[in-house]
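Participant: sequence and predicted structure, then a few things I'm wondering about:
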Amino acid sequence: MFGQYRSIPGQAKLLIALSFIPGFALSLIYTDLSYFLPSVRGLSITFTGLVITVMGLTVVATSIPFGILADRYGRRKFIIIGNLLASITLASFALTTSPVLLVLAAVVEGSTEAAFASAGTALLAEKAGEAHRTAAFSLSAFLSSIGMGLSGFAISLVLVFQSFGLNNVQAHITLYLVLAASSVAVTPLLFRISESRTSAKAKSIREFMPRKSRDVMVKYAVTAVLIAFGAGLFVPLMTLWFQLAFRVPDTVSGPVIGVSGFLIAAFTLGAPNLARRFGLVKSIVLTQGLSMVFMLAVPIAPTFATAGGIYIIRTFVMNFSSPLGTSLIMGLVDKDERGAASGISTAIWRFPNSISTVIGSAMMRKGMLALPFYIASVLYSVSICLFWLFFRKARVPEEIEQPQ
């Protein structure tokens, strides 16, 4: 199984490795910011929510423009800029309590995510090549999941800093600044990644949206919006759901969710083997369909331990298909439009996901704890059926060369 990862081109491996620290920094922001701003810095919970909302809206607003610009002017440039912006964001969140500056930092953070998502995905597809694209995205997803899991545990470094005499505020600030400095430190290495002139300059400045890949992106957008809206009804709210359903605090449910991140990482490494055996489209449909069975079982579980275990299984089975979906789209769209396509993919996920989280939260607070899961299952079912209808005959280049 690991031979396919050893054969990934060196520059693709380097890009994956160098993306880990900036990605880890972004994971920490989403893991800890909702605690850091109100509990450590003394800001209101309402304002903290506003900051997080601004981050999401900025991702939606900038993903497509950044993807288009990255296709035209160079994807590596946007990755380097995104890396530097990630460092500035972390430092800004750590050092200021000014509402204006924090909102500005939220805009910068959203722009950082957009730059990484649009340019990074497209450049990785280019550097990996057709034969190794699925393995490269699986390895990238593996490290991303590891970073997501580690970000929760990294907060415990605050205790280490406090042992040197720092107070709680100083220790948190130190943690943020150390990670910001680490993100800056990898920037010079990014210049070692080359980029073909064709992919950077191919698009006409008059083309504001991908034209050659329009049909693929429209079909993908329809299915992705349904999944994103359904996921938003419960996925970002699981610590709240566990508290309402079983009176379990986030200090207990948080690690349960964190465990799923490590399992996602472990099982993601097997994604290329599954794709090689069944094909990308069938593999995506199989894993997403299987995850629905466990999703429906969560709200009827009698105990926290049972619900937590089922949710962990549901999470890693569903996310098993994530690198496969990315590889499929990058394989089907025109090579010169991959940045724009990646930006569109990010935007069509974040926007409906943010909207449905508000709806799911309202349902849960009214005691309708099972309803978000049931609505999500309907949306998932429609999405999976449409995905199969749209893409069942689709073949990426490597599958055409090596029929299943």
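Facilitator: All right, it came through fine. Numbering: from 1, shown residues only.
Participant: show me how the record splits this structure into domains.
Facilitator: 1-194, 209-394 (automatic domain parsing).
Participant: dump those into TSV; add mean neighbour count and mean pLDDT as well.
Facilitator: In this view, the C-beta of every residue, glycine as well, is placed from N, C-alpha and C. Shown next, in TSV, are these (neighbours: other C-beta atoms under 10 Å; pLDDT from 0 to 100):
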stretch	mean neighbour count	mean pLDDT
domain 1-194	19	83
domain 209-394	19	86
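Participant: quick check: the residue sitting furthest away from the middle of the chain vs residue 319, distance?
Facilitator: Distance to the chain centre peaks in the chain at residue 165, reaching 36.1 Å (criterion: C-alpha atoms, centre = their mean). Here the criterion is C-beta to C-beta, to the nearest Å. By it, residue 165 lies 41 Å from residue 319.
Participant: mind checking which helix or strand residue 63 is in?
Facilitator: Residue 63 belongs to helix 45-73 when assigned by DSSP states H and E.
Participant: and that helix, how far out from the chain's middle?
Facilitator: 13 Å (C-alpha atoms, centre = their mean, to the nearest Å).
Participant: where does residue 131 sit: helix, strand or coil?
Facilitator: coil (DSSP: H, G, I helix; E, B strand; the rest coil).
Participant: how near is it to residue 7?
Facilitator: 8 Å.
Participant: kindly report the same for residue 16.
Facilitator: For residue 16, the distance to residue 7 - C-beta to C-beta - is 14 Å.
Participant: now residue 330
Facilitator: 18 Å.
Participant: also residue 121?
Facilitator: 20 Å.
Participant: go on, residue 325?
Facilitator: 22 Å.
Participant: and residue 37, by the same measure?
Facilitator: From residue 37 over to residue 7 (counting by C-beta to C-beta), the distance is 45 Å.
Participant: strands of the protein, residue ranges please.
Facilitator: When assigned using DSSP state E, the chain turns out to have no strands.
Participant: okay, helices next: where are they in the stretch 251-400 of the chain?
Facilitator: Ranges of helices in the stretch 251-400 of the chain, per DSSP state H, counting those that start in this stretch, are 271-278, 280-297, 304-319, 322-332, 338-365, 371-391, 397-401.
Participant: adding distance to residue 113, write those helices out as JSON lines.
Facilitator: Converted to JSON lines, the helices of the stretch 251-400 of the chain look like this (distance: least, C-beta to C-beta, whole Å):
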{"stretch": "helix 271-278", "distance to residue 113": "23"}
{"stretch": "helix 280-297", "distance to residue 113": "24"}
{"stretch": "helix 304-319", "distance to residue 113": "18"}
{"stretch": "helix 322-332", "distance to residue 113": "15"}
{"stretch": "helix 338-365", "distance to residue 113": "8"}
{"stretch": "helix 371-391", "distance to residue 113": "23"}
{"stretch": "helix 397-401", "distance to residue 113": "29"}
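Participant: what comes into contact with stretch 366-376?
Facilitator: When contacts are defined by C-beta atoms under 8 Å, 6 or more residues apart in numbering, stretch 366-376 is touched by residues 230-231, 233-234, 237, 241, 244-245, 295-296, 298-300, 360, 363-364.
Participant: which residues touch stretch 37-44?
Facilitator: Contacts for stretch 37-44 (C-beta under 8 Å, 6+ apart): 45, 47, 48, 51, 93, 97, 99, 102, 168, 169, 172.
Participant: now it - C-alpha only, CSV.
Facilitator: Coordinates of each C-alpha in stretch 37-44 appear next as CSV, following Å, rounded to 0.1, in the frame of the first residue of the first chain:
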residue,chain,number,x,y,z
LEU,A,37,-11.2,35.4,22.7
PRO,A,38,-14.0,35.3,25.4
SER,A,39,-12.3,33.2,28.1
VAL,A,40,-8.7,34.5,27.9
ARG,A,41,-9.0,37.9,26.3
GLY,A,42,-12.4,38.8,27.9
LEU,A,43,-14.3,39.6,24.7
SER,A,44,-18.0,38.8,24.4
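Participant: quick check: the gap between residue 380 and residue 11.
Facilitator: 36 Å.
Participant: where do the helices of the stretch 1-150 of the chain begin and end?
Facilitator: 3-6, 10-18, 20-35, 45-73, 75-95, 99-115, 121-128, 133-154.
Participant: of all the ones you listed, which one is nearest residue 350?
Facilitator: Between residue 350 and the helices of the stretch 1-150 of the chain, the tightest spacing by C-beta to C-beta is seen for helix 45-73, at 4.9 Å.
Participant: the closest one to helix 338-365, inter-axis angle?
Facilitator: With axes from the mean of the first three to the mean of the last three C-alpha atoms, to 10 degrees applied, the angle from helix 45-73 to helix 338-365 works out at 160 degrees.
Participant: give me the helices and strands touching helix 45-73, please.
Facilitator: helix 20-35, helix 75-95, helix 99-115, helix 121-128, helix 197-201, helix 338-365 (3 or more C-beta pairs under 8 Å, 6 or more residues apart in numbering; DSSP states H and E).
Participant: okay if I get those helices as TSV plus distance to residue 312?
Facilitator: Formatted as TSV, those follow (distance: least, C-beta to C-beta, whole Å):
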stretch	distance to residue 312
helix 20-35	17
helix 75-95	29
helix 99-115	26
helix 121-128	27
helix 197-201	39
helix 338-365	19
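Participant: out of those helices, which gets nearest to residue 177?
Facilitator: helix 75-95 (5.7 Å).
Participant: and stretch 107-121, how far out from the chain middle?
Facilitator: What separates the centre of stretch 107-121 from the centre of its chain is 11 Å, taken as C-alpha atoms, centre = their mean.
Participant: how long is that stretch end to end?
Facilitator: For stretch 107-121, the first-to-last residue distance is 21 Å (C-alpha to C-alpha, to the nearest Å).
Participant: contacts only, for the closest residue to residue 327 other than its chain neighbours.
Facilitator: Nearest residue to residue 327, sequence neighbours excluded (C-beta to C-beta, 6 or more residues apart in numbering): residue 134, at 4.2 Å. Going by C-beta under 8 Å, 6+ apart, residue 134 touches 271, 272, 275, 280, 323, 324, 327, 398.
Participant: would you format those residues as JSON lines with distance to residue 369 included?
Facilitator: Below are the contacts of residue 134 laid out as JSON lines (distance: C-beta to C-beta, whole Å):
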{"residue": "271", "distance to residue 369": "32"}
{"residue": "272", "distance to residue 369": "37"}
{"residue": "275", "distance to residue 369": "36"}
{"residue": "280", "distance to residue 369": "35"}
{"residue": "323", "distance to residue 369": "31"}
{"residue": "324", "distance to residue 369": "31"}
{"residue": "327", "distance to residue 369": "36"}
{"residue": "398", "distance to residue 369": "44"}
